[in-house]
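Asks: Sharing a model prediction with you, sequence too.
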Amino acid sequence: MIRRHELLAIFSFLLLPVAALLGGRIFCAIDPEWAVHTHNYVLNYRLLELVRKAILSVAFAATVGLWFLTCFFVLKAKRQSYGWLFLAIFGPLGFIVLTILKDKALDPRDLYRRLVSRMNLFLRVAYELSVVYLVWDLAYQLMVWKRDILIERRAAATGVSIAQIVDQQNASGGMWAFSEGLEVLYLVPLLYLLGPLVFNLVDQTLQRLRPMRYASPPALP
């Protein structure tokens, strides 16, 4: 069970890093010092600097727009009021609240949401708190796993020991901590988007395998 607006939410969210990284790469690729080879260095330098800043602003606006679009599609899929869209300004925490909202477009084939909707208040609160903890922990572990893989690949490519690479990262710990924090903040909503889909996919796969498992063997000639 994958609804169209759920797919649109996932697609919009996956475009977030594309917009951010593409804007950053273009920003870094433009060097205002190119103006040194022109007749009007001062004017051209300022124009190139303005272009760089404009590209960065467009990338930022596109990233924010895609984030709000993701939240919009989540509300659309649940047929909830668009007034809840203000929660998008609270980042992943606001997004978690959007996923907890009642689904007014519940499909009988959607096992995950049927199970959640049948929980009483106390069980639902305990369940959602457990999911929050598990999702944040999984997002952190995925970030660490990705970091370790990149360190090993860099060590193999450059011949530098893993310990030296780790020391280099620790020397600029603030920058690395910030980037890794952003990765975790990105993974949390992604896991919330994919979790119900994976759950339903596993359920449907098991339902299809069950008749095959209990089917009577063909009669011997």
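Replies: Arrived safely, thanks for sending.

Asks: Which residue ranges of this protein form strands?
Replies: When assigned using DSSP state E, the chain turns out to have no strands.

Asks: I'd like to know which helix or strand in it has the lowest mean pLDDT.
Replies: Within the chain, confidence by mean pLDDT, DSSP states H and E is lowest for helix 162-171 among all helices and strands, at a mean of 74.

Asks: what's in contact with that one?
Replies: 151, 152, 154, 155, 176 (CB atoms under 8 Å, 6 or more residues apart in numbering). Quick note: C-beta positions are derived from backbone N, CA and C, even for glycine.

Asks: How is this protein divided into domains?
Replies: Residue ranges for the domains of the chain, per automatic domain parsing: 1-105, 109-207.

Asks: Just name the closest of the contacts of helix 162-171 to residue 133, please.
Replies: Comparing the contacts of helix 162-171 against residue 133 with CB to CB picks out residue 176 as the nearest, at 24.6 Å.

Asks: hang on, isn't residue 97 packed against residue 87?
Replies: Yes: using CB atoms under 8 Å, residue 97 is in contact with residue 87, at 5.3 Å.

Asks: More neighbours: which of the two?
Replies: Per other CB atoms under 10 Å, whichever of residue 97 and residue 87 has more neighbours is residue 87, with 17 against 12.

Asks: got the contact list for the more buried one?
Replies: 71, 94, 95, 97, 98.

Asks: repeat for residue 59
Replies: By CB under 8 Å, 6+ apart, the contact list for residue 59 reads 19, 20, 22, 23, 24, 26, 27.

Asks: Ok, residue 98 next?
Replies: Residue 98 is in contact with 71, 74, 75, 80, 84, 87, 88, counting by CB under 8 Å, 6+ apart.

Asks: Name the nearest residue to it, sequence neighbours excluded.
Replies: Spatially, and ignoring its direct neighbours in sequence, residue 98 is nearest to residue 74 (5.1 Å; CB to CB, 6 or more residues apart in numbering).

Asks: go on, residue 91?
Replies: Counting by CB to CB, 6+ apart, residue 185 is the residue found nearest to residue 91 once chain neighbours are left out, at 6.5 Å.

Asks: Same check on residue 41?
Replies: Residue 41's closest residue in space is residue 35 (CB to CB, 6+ apart), at 5.0 Å.

Asks: Also residue 189?
Replies: In space, not counting the residues next to it along the chain, residue 189 is nearest to residue 95; the distance is 4.7 Å by CB to CB, 6+ apart.

Asks: how distant is the helix ranked longest in the chain from the center of its chain?
Replies: Counting residues, the longest helix found in the chain (DSSP state H) is helix 173-214. Put simply, helix 173-214 sits 10 Å off its chain's centre (CA atoms, centre = their mean, to the nearest Å).

Asks: could you check the angle helix 162-171 makes with that helix?
Replies: 120 degrees (axes from the mean of the first three to the mean of the last three CA atoms, to 10 degrees).

Asks: Counting neighbours, which bits of stretch 187-198 end up buried?
Replies: Judged by neighbour count (16 or more other CB atoms under 10 Å), stretch 187-198 contains these buried residues: 187, 188, 189, 190, 191, 192, 193, 195, 196, 197.

Asks: count of neighbours near residue 77?
Replies: For residue 77, using other CB under 10 Å, the count is 19.
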